[in-house]
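In: just the structure for this:
(one chain, ligands or ions: 3)
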Amino acid sequence: PLVLGIESSCDETGVGIVRGTTLLTNTVSSSMDEHVRFGGVIPEIASRAHLDAFVPTLQESLQEAGVTLEDIDAIAVTSGPGLAGALMVGVCAAKALAVATGKPLYAINHLVAHVGVGLLDAKHDAGAAAGLGAGQLPENLGALLVSGGHTEILRIRSITDDVELLGSTIDDAAGEAYDKVARILGLGYPGGPAIDKLARQGNPKAIRFPRGLTQPKYMGTAEEKGPHRYDWSFSGLKTAVARCVEQFEARGEEVPVADIAAAFQEAVVDVITSKAVLACKEHGITDLLLGGGVAANSRLRELTGQRCASAGIKLHVPPLNLCTDNGAMVAALGAQLIMGGIAPSGVAFAPDSSMPVTTVSVPA
Ligand code: ATP
Ligand code: MG
Ligand code: FE
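Out: Ligands and ions are numbered 1, 2, ... in the order given. Got it, this is the predicted structure:
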């Protein structure tokens, strides 16, 4: 099926078009520049930017794919989770298009779409040479989603209707921690890329920052699993970084910014990868898909690759532009839903800013 996907959950306005598992176009317009001076995404600004960007993004996407709205078999739109006002813009646009063209509409989960994008026949940056492929979904597939808003480990028995949450962050998302620590270190926004770059010049062993929720009372034993065994916590780490900077300043010493960045990154990446691999091992997961904006992180890619390899887990890392928020991932999941015989959502649904990951699409 030829599917048009619309994404507007945060600061990216995305329109993507796929035919089955073939990617035709992926057009993204970001309002990131407008949020930089505030040090974070301002919801009202993001919503207005979607309103400005949507029609041009749609037109560019259709033109690039060489198709018209009449050619499209179905429309898919991110219905949640995300910023309420931002979601509203994409959902309203999608409903209007669906009503005007008479095409079926799928209201889909943004997080599951981050996984669905791995099924496109795009060349992956790591692991399998091609996408996971339609109908060839590994039986024991897991997904590690690491973004500005989420840090989750999922088990996917069926991409259309059976997604299980194994673990997640209990406070800040990993990307959020990067952004907050970058602010403490005076590196600006968004913090992820800046810390990633600076960390290469630092010594990750110079300081040892805490690994949240890894104490025995949380991890338990192999027989008796503690609470939060597969969960993460990054707020204590952020506080530890702030204390560390304060101590250097109080002593009148120069703050070793590169070392702190490297040590912080090592703590984040260590705990993300160790818990993800543990969850995979204990759930018989043989294939792991890495997604979300933080999947751009060089150290996360490196350590996930190493630890998956030693655990015998096959790692799949889609190309970077498909890891960050985009419309193609929404279209990709929409196509999977259609091929899986799932009924469309209709046009009566409302976006849900806290849509649970277990809801792949809104039922009719
Ligand atoms: P969500 O998908 O959960 O709704 P989001 O849209 O904010 O959240 P993404 O756009 O997928 O998330 O990712 C943005 C986040 O990724 C930011 O927090 C940014 O700092 C982080 N990030 C980007 N590049 C890197 C990098 N190289 N290293 C670490 N973090 C990075
Ligand atoms: Mg974003
Ligand atoms: Fe996202």
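In: any idea of the mean pLDDT for stretch 216-224?
Out: Computed over stretch 216-224, the mean pLDDT rounds to 83.
In: now do the same end-to-end measure for it.
Out: Looking at stretch 216-224, the gap from its leading to its trailing residue is 11 Å under the measure CA to CA, to the nearest Å.
In: ok, residues contacting that stretch?
Out: Applying CB atoms under 8 Å, 6 or more residues apart in numbering, the contact partners of stretch 216-224 are 213, 225-229, 231. All C-beta atoms are positioned from the backbone trio N, CA, C, and that covers glycine.
In: filter these down to just the buried residues.
Out: By the neighbour-count criterion of 16 or more other CB atoms under 10 Å, these include these buried positions: 213, 228-229, 231.
In: just list the residues touching residue 179, thanks.
Out: Counting by CB under 8 Å, 6+ apart, residue 179 touches 39-40, 148, 189-192.
In: and of the residues you listed, the nearest to residue 82?
Out: The nearest member of the contacts of residue 179 to residue 82, counting by CB to CB, is residue 148 at 10.7 Å.
In: show me which residues of the chain sit near ligand 2.
Out: Contacts of the chain with ligand 2, taken as CB under 5 Å from the ion, map to 10-11, 325.
In: can you do 6 Å?
Out: By the criterion of CB under 6 Å from the ion, the positions of the chain lying close to ligand 2 are 10-12, 148, 293, 325.
In: nearest to ligand 2: which residue in the stretch 251-364 of the chain?
Out: Nearest to ligand 2 in the stretch 251-364 of the chain, going by CB to the ion, is residue 325, at a distance of 4.7 Å.
In: for that residue, which non-adjacent residue is closest in space?
Out: In this structure, residue 325 finds its nearest non-sequential neighbour in residue 12, 4.2 Å apart by CB to CB, 6 or more residues apart in numbering.
In: what's the neighbour count on residue 196?
Out: Other residues near residue 196 come to 18 when the count uses other CB atoms under 10 Å.
In: my read: residue 146 touches residue 275, true?
Out: No - counting by CB atoms under 8 Å, no contact exists between residue 146 and residue 275, whose distance comes to 11.6 Å.
In: more neighbours: the two, which one.
Out: Neighbour totals were compared for residue 146 and residue 275, and residue 146 leads with 32 against 25 (other CB under 10 Å).
In: now that one: closest residue in space that isn't a chain neighbour?
Out: Leaving out its chain neighbours, the residue that sits closest to residue 146 by CB to CB, 6+ apart is residue 294, at 3.9 Å.
In: also residue 27?
Out: Distance criterion CB to CB, 6+ apart; nearest residue to residue 27, sequence neighbours excluded, is residue 61 at 4.1 Å.
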